[in-house]
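Enquirer: What would the 3D arrangement of this be:
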Amino acid sequence: LRLRGALRTASKHRLLSPALLSALTARCPHLQHLSLTEADLHTLPYDSLPPSLTTLELRCCEIPSLWFCGSSAPRLQRLQLRNVPAFSDRHLLNVSSHGRLRVLSLSGTYRVTDAGLERAAPHLEELERLELRHCVLSDSALRFIARHMKQLRVLELTSIPQLTDSGLASLAALELLEVLHLDLYNRFSLRAVAALCRALPRLRSLTLDGLHRGAGHKLGLLLYHASGKTVSTEFWLLSGPGEGGRS
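Expert: Sure thing, here's the model as predicted:
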């Protein structure tokens, strides 16, 4: 079920209410996927969401400070947030300790910190896919990921400028990782990326944003000569006059 609210308009109309969700639960007792866009959820208790939900997507939504907790709240397996500025360390701990997340995608959640990820990470040991974009995190966050999220198959780390080669190297502990998406807008070097790819025995796909022309070929040579194996790679080039796009 996909719903769009009126958060960015002058309308005072509420997209959802506890009564409406109660009726929805009665009519659709097996509803698993709910996607909300531009919704003001301040007056909506989290445990009024259908308990059958396993996937929740929020885009450009406002949430209260006490969300993602409650005895009858849904036990989510997939949580995807994009531009939900109120989402905080407390929310992350609530949702990770209450459910059994397999997929977590956070984009533009600047209130999530290294300390919050450290507290939540022990509850995310079953996570298989993690996407972090436009977040305010450092190398410490990568070490918590490597220490606790051993089941990860897919990892994306993009537009997080404080990450460096030191944190990247710690991800070599993710022995089940198959798909990796990074960018070079932070402080990753090509040699550090190649070394990580060499250390990941199951890696089969690498996407790398922010390359200059010619750097993709250089990385391919580094990968091949370092490990003797071929990893499927996709490069997005830095745009300049007449440049840009996929290589």
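Enquirer: Show me what the helix or strand containing Gln80 is packed up against.
Expert: Taking DSSP states H and E as the definition, Gln80 sits inside strand 78-82. Strand 78-82 sits against strand 55-59, strand 103-107, with contacts defined as 3 or more Cβ pairs under 8 Å, 6 or more residues apart in numbering; DSSP states H and E. From N, CA and C alone the C-beta is placed, and that goes for glycine too.
Enquirer: Tell me the confidence at the closest residue in space to Leu127 that isn't next to it in sequence?
Expert: Closest residue in space to Leu127, ignoring its immediate chain neighbours: Met149 at 5.0 Å, by Cβ to Cβ, 6 or more residues apart in numbering. The confidence metric pLDDT takes the value 98 at Met149.
Enquirer: Going along the chain, name the helices of the protein.
Expert: Counting by DSSP state H, residue ranges of the helices within the chain are 18-27, 89-98, 114-120, 139-148, 165-170, 190-199, 215-227.
Enquirer: Let's have the ones you listed in CSV, adding distance to Leu176 and mean neighbour count.
Expert: Below are the helices of the chain laid out as CSV (distance: least, Cβ to Cβ, whole Å; neighbours: other Cβ atoms under 10 Å):
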stretch, distance to Leu176, mean neighbour count
helix 18-27, 36, 13
helix 89-98, 19, 21
helix 114-120, 20, 19
helix 139-148, 12, 20
helix 165-170, 15, 18
helix 190-199, 13, 19
helix 215-227, 18, 16
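Enquirer: Could you point out which of those sits nearest Leu36?
Expert: Leu36 lies closest to helix 18-27 among these, at 11.4 Å (Cβ to Cβ).
Enquirer: For the closest one, give the mean pLDDT please.
Expert: 85.
Enquirer: quick one: that helix to chain centroid distance?
Expert: How far helix 18-27 lies from its chain's middle: 29 Å, per Cα atoms, centre = their mean, to the nearest Å.
Enquirer: what residues does that helix touch?
Expert: 1, 31, 44-45, 48-52 (Cβ atoms under 8 Å, 6 or more residues apart in numbering).
Enquirer: which of those has the most neighbours?
Expert: Leu49 (24 neighbours; other Cβ atoms under 10 Å).
Enquirer: got a list of what it touches?
Expert: Leu49 touches 21, 34, 56, 73-74, counting by Cβ under 8 Å, 6+ apart.
Enquirer: again, only this time at 7 Å
Expert: Counting by Cβ atoms under 7 Å, 6 or more residues apart in numbering, Leu49 makes contact with 21, 73-74.
Enquirer: pLDDT score assigned to it?
Expert: pLDDT at Leu49 comes out at 90.
Enquirer: which one of the contacts of Leu49 sits closest to Arg100?
Expert: Taking Cβ to Cβ as the measure, Arg100 lies nearest Pro74 of the contacts of Leu49, at 11.5 Å.
Enquirer: Tell me who's in contact with the closest one.
Expert: So Pro74 contacts 49-53 (Cβ under 7 Å, 6+ apart).
Enquirer: and if we set it to 6 Å?
Expert: Neighbouring residues of Pro74 by Cβ atoms under 6 Å, 6 or more residues apart in numbering: 49, 51, 53.
Enquirer: try Gly70
Expert: Applying Cβ under 6 Å, 6+ apart, the residues near Gly70 are 46-47.
Enquirer: Apply 7 Å and report the result again.
Expert: Counting by Cβ under 7 Å, 6+ apart, the residues that Gly70 touches are 45-47.
Enquirer: follow-up on the earlier one: now distance to Tyr185, mean pLDDT and mean neighbour count too, for the helices and strands packed on strand 78-82, in CSV please.
Expert: Shown next, in CSV, are those (distance: least, Cβ to Cβ, whole Å; pLDDT from 0 to 100; neighbours: other Cβ atoms under 10 Å):
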stretch, distance to Tyr185, mean pLDDT, mean neighbour count
strand 55-59, 23, 96, 19
strand 103-107, 15, 98, 19
